[in-house]
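**Q** whatever this is, show me its structure:
(2 chains)
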Amino acid sequence: MEKTVEVSHVSKSFNGQSIVKDISFDISPGEIFGLIGPNGAGKTTIIRMLLDIIRPDSGQIKILGSGQPEETKDMIGYLPEERGLYRRLTVINSLIYLGALKNYQGKKRALELLEKMEMLQHKDKKLSELSKGMQQKIQLIAAICHDPQLIILDEPFSGLDPVNMKLVKEMILDLGKEGKTILISTHMMDQVERMCGRIFMMHRGGGVLYGSVAEIKSRFGKNTVFLEFEGEFKNIPGVKKSNLSGNYAELILEDGADTQDVLKAIARDVRVGRFEVSSPSLNEIFIKVVEE
Amino acid sequence: MTKWITIAKHEFAYNVRRKEFLFVTFGLPLLMFALIGLPVFLAASTTGPEKFSIGYVDNTGTFGGNFTQYTNETSAKNDIIDGNITHFFVIPADYRSTGKIEIYSRKSRMQGTIEGEIRGFLLDNLLKGENKDIVERVKNPIKSEYFTLNEKGESSKDDLSGFLISIAFAFFFMLTIFTSSNFLLQGVVEEKENRVIEILLSSVSHRELLTGKVFGLGAVGLTQVFIWQAMGIAVLSSGPAALLLAGINISIPLLIFASGYFILGYLVFACIMAGVGAVATTSREGQQIAGIFTMIGAMPLIISQLILSKPDSIISMIFSYFPLTSPITMIMRISTGNVKYYEVVLSLIILTVSILVILELVVRIFRASLLMYGKKPTISELIKYVR
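**A** Numbering: from 1, shown residues only, chains lettered A, B, ... in the order given. Below is the predicted model:
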């Protein structure tokens, strides 16, 4: 089956500084794919090259089987990291204009999406009258309004409150169920590990990990404990590293440590609410990979 | 390739609704009117001719007329202070040999109308006894008409139409470029600032975006200038300038050439301005760079004497073909008749080709420098992009 996105050996440098180094990955139709890595890793540069906003210095990019960007632009939806819309234009007129630029006429789908995102009552307001979170949602609608085959979302969750975060996540998963191919780029790795089938992890312009989330996690073994507790947490024998945040902790165990011993040790000091043995989070995997 | 039309339409509709556009389009003429018209209006209402009442002291003993005569300066001065008269003048005994006149008044001001009235009074007296027609002729001796002879000895009546048209064209052209370039700069820089440009470029090519902007924002500038022109014609044709307009005859071929040069010349500038907008990080910076190009565009006006008198000189030739200066230069030369056919054709071809070349260069610069937020590319980087 033809790949939706094919990136092979793409490099790009600005002013002699190498931003993207020999990157290759591909995305199959209907996949939800994560492009992850810290800020400045080169994710946005890759996305801009996928969209033909900038061109790679070397390497090849094929979208929907075509190397001609003019043929495929109408089939791509894009939510840029740097959000921006015409401030003095009304919501519905913005959506109609941006749709027309994708050769999509009419506003039926725009109205449906506004309704789904609970924004229909704001359709005749100017963008400048909306809150930041609302503008985010409008921008997401603008990206998918023309019913694209491939949807590229750059940091789709930044600036959203928990309620809107849930709405956006559901929207993305629904689009995935409709068979759309979705590329999510984010530095919030934990956000995507539950949504994406496969990921490409970047660090300083190069690829460090590539594959399905499950496969990558199993590669790093079940050496992590997710813990919820009450009380004061102390150092526990057998724990190599602990990431504490309030009443929650992520513990990395030493090689060969027994999880039952660790549980007993912990239970002596604090009340345990949850104790889960699992693979490390993508965040932890990333740190481990980079440190090596 | 219809997306650029969508962009052009959007740019036009979005920008003519701007407060700044409406303010400048309708506010500026009002301001001009206030600055120029109001003082004239006020001056006319406070110092109408009927308000003058003039007296004189005649030391020669031969002058007389409908002004108040005083026997000495002291009584005339007292009358001015009492407000009975506004001005008086003294004719010295040796007036016939010196022509000297002393005029007194409470206010110091331009003496134009006063002098006119005194001149009439003096001429009437000096030419006393002459035929009335002669007196009128002496007061207004020349009404000129000029004729030009060609090689065959045929004469044609000269009028200033050609010259006036070329000046009007140049003025109109510069005004359009000035206002449109502002809109183009703002349009490109603003989209860079509010980040919409990234969405636009994910939908259309750089060339489509640029073309749409040049036409859409250009139409905004043209609209503004046409509104001003309509206002100007309305004011002029209702006032004393109506006579001047009636005396101008415009030939159809000149009109066609003028439109052609206008549109092509405008497109050259518009493409350049869009390029400047792509490179500049702020609209202020963009305006400074744009100013250089506008200055070059205005150069033919500054050396119009040379172009018209020596069309074969090297400078005139360069100005006739260089795309930034050729529209104004060629219209000046066509309207005054000293131009050869092939020169017109050649300059039009150069203009058209340079539009395509500039557009291509600007597209490349656009693509390379557009998303370098907050950093202005250096000249050497620009050259690299263009390659």
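**Q** how far is the longest helix along chain A from where the chain is centred?
**A** As assigned by DSSP state H, the longest helix anywhere in chain A is helix A:162-177. Helix A:162-177 sits 12 Å away from the centroid of its parent chain (Cα atoms, centre = their mean, to the nearest Å).
**Q** by contact count, what packs against it?
**A** Applying 3 or more Cβ pairs under 8 Å, 6 or more residues apart in numbering or on different chains; DSSP states H and E, one finds that helix A:162-177 contacts strand A:32-36, helix A:132-144, strand A:181-186. Heads up, the C-betas are built off the backbone N, CA and C, glycines and all.
**Q** following element in sequence after the longest one, please.
**A** Meaning helix A:132-144. strand A:150-154 (DSSP states H and E).
**Q** can you name every helix or strand that that next one contacts?
**A** The helices and strands touching strand A:150-154, judged by 3+ Cβ pairs under 8 Å, 6+ apart, are helix A:43-50, strand A:76-79, helix A:132-144, strand A:181-186.
**Q** which one of those lies nearest to chain B?
**A** Among the helices and strands packed on strand A:150-154, strand A:76-79 comes nearest to chain B, with 4.0 Å by Cβ to the nearest Cβ.
**Q** near chain B, anything from that closest one?
**A** Yes - with Cβ under 8 Å from any Cβ of the partner chain as the criterion, chain B is reached by strand A:76-79 at A:76, A:78.
**Q** quick one: strands adjacent to that strand?
**A** strand A:150-154 (parallel) (DSSP bridges).
**Q** output the helices and strands packed on helix A:162-177 in JSON lines, with mean neighbour count and mean pLDDT appended to each entry.
**A** Below are these laid out as JSON lines (neighbours: other Cβ atoms under 10 Å in any protein chain shown; pLDDT from 0 to 100):
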{"stretch": "strand A:32-36", "mean neighbour count": "25", "mean pLDDT": "93"}
{"stretch": "helix A:132-144", "mean neighbour count": "21", "mean pLDDT": "88"}
{"stretch": "strand A:181-186", "mean neighbour count": "24", "mean pLDDT": "93"}
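**Q** indicate the residue of chain A located nearest to chain B.
**A** A:Gly84 (2.9 Å).
**Q** once you drop chain neighbours, what's closest to that residue?
**A** In space, and not counting its chain neighbours, A:Gly84 is closest to B:Arg195: 2.9 Å by Cβ to Cβ, 6 or more residues apart in numbering or on different chains.
**Q** show the contacting residues for that neighbour.
**A** Residues near B:Arg195 by Cβ atoms under 8 Å, 6 or more residues apart in numbering or on different chains: A:80, A:82-84.
**Q** so for B:Tyr14, what pLDDT did the model give?
**A** Looking at B:Tyr14, its pLDDT is 87.
**Q** surely it meets A:Tyr86?
**A** Yes - using Cβ atoms under 8 Å, B:Tyr14 makes contact with A:Tyr86 at a distance of 6.8 Å.
**Q** run a quick neighbour tally on B:Lys77.
**A** When neighbours are defined as other Cβ atoms under 10 Å in any protein chain shown, B:Lys77 has 16 of them.
**Q** phi, psi for it please.
**A** phi -60, psi -40 (degrees, to the nearest 10).
**Q** surely it and B:Tyr104 touch.
**A** Yes - between B:Lys77 and B:Tyr104 there is a contact at 6.9 Å, judged by Cβ under 8 Å.
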